[in-house]
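Colleague: sequence and predicted structure are below.
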Amino acid sequence: MNRCKWCNLKNPKYIEYHDNEWGVPNFDEHYLYEMLVLESFQAGLSWECVLNKREEFKKAYDNFTLEKVCKYGDKKVAELLENKGLIRNKLKVKASINNSKIFKQIQQEFGSFHAYLKSFSSDKIFYETDKTHSELSDKISKDLQKRGMKFVGTTIIYSYLQAIGIINSHDKNCFLYKKEK
């Protein structure tokens, strides 16, 4: 069975993620939040590195409970930076807390984070391959940065949109490849 070229076939977590999660539309608010936090940690690293630490992130970030993460203070930041199971980058850890507060503000403003994303995507699924950014990711990234989020450049946001299924980017020879209908 052919999979996307980026999928490390020696890593069962990566195969599971590729086959059952990546590119599958999932607009549950909790999932949208989890993936935004995880994607922001990817900056400068491989997604595989983040994916391999996902379970530890879930534990350390209170199962990505937005209300709890928004209240994290200096003590929790220090705890996260000591956790060897995480990506221990102080700027990313602090950004994850700041971004959580902004995520919550966006939910309050738009009714949901998904509604915010739809204001850019018009609730459309995009089918494209071999890109690292697009007009859509450029616009969302710029807006999130304007709102004060960090580690949400256009490449990270493009990866995020792929992860949550707004952009379907499976390689043409991948068994999950789909064309626009």
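Modeller: On my side now, so go ahead.
Colleague: check which helices and strands the lengthiest helix in the chain sits against.
Modeller: In the chain, assigned by DSSP state H, the helix with the most residues is helix 90-110. Helix 90-110 sits against helix 29-42, helix 66-70, helix 74-82, helix 113-121, with contacts defined as 3 or more C-beta pairs under 8 Å, 6 or more residues apart in numbering; DSSP states H and E. C-beta here means a position set from N, CA and C on the backbone, and glycine is covered the same way.
Colleague: just these: most buried one?
Modeller: Counting by mean count of other C-beta atoms under 10 Å, helix 29-42 has the highest mean neighbour count of the helices and strands packed on helix 90-110, with a mean of 20.
Colleague: buried residues in the helix or strand that comes right after that one?
Modeller: Using DSSP states H and E, the next helix or strand after helix 29-42 towards the C-terminus is helix 47-52. Using 16 or more other C-beta atoms under 10 Å as the test for burial, helix 47-52 gives W47, E48, V50, L51.
Colleague: how far is the helix or strand that contains E55 from where the chain is centred?
Modeller: Element membership for E55, per DSSP H and E: helix 54-60. Distance of helix 54-60 from the chain centroid (C-alpha atoms, centre = their mean, to the nearest Å) equals 14 Å.
Colleague: likewise stretch 16-36?
Modeller: Chain-centre distance of stretch 16-36: 8 Å, with C-alpha atoms, centre = their mean.
Colleague: quick one: end-to-end distance for that stretch.
Modeller: End-to-end distance for stretch 16-36: 19 Å, by C-alpha to C-alpha, to the nearest Å.
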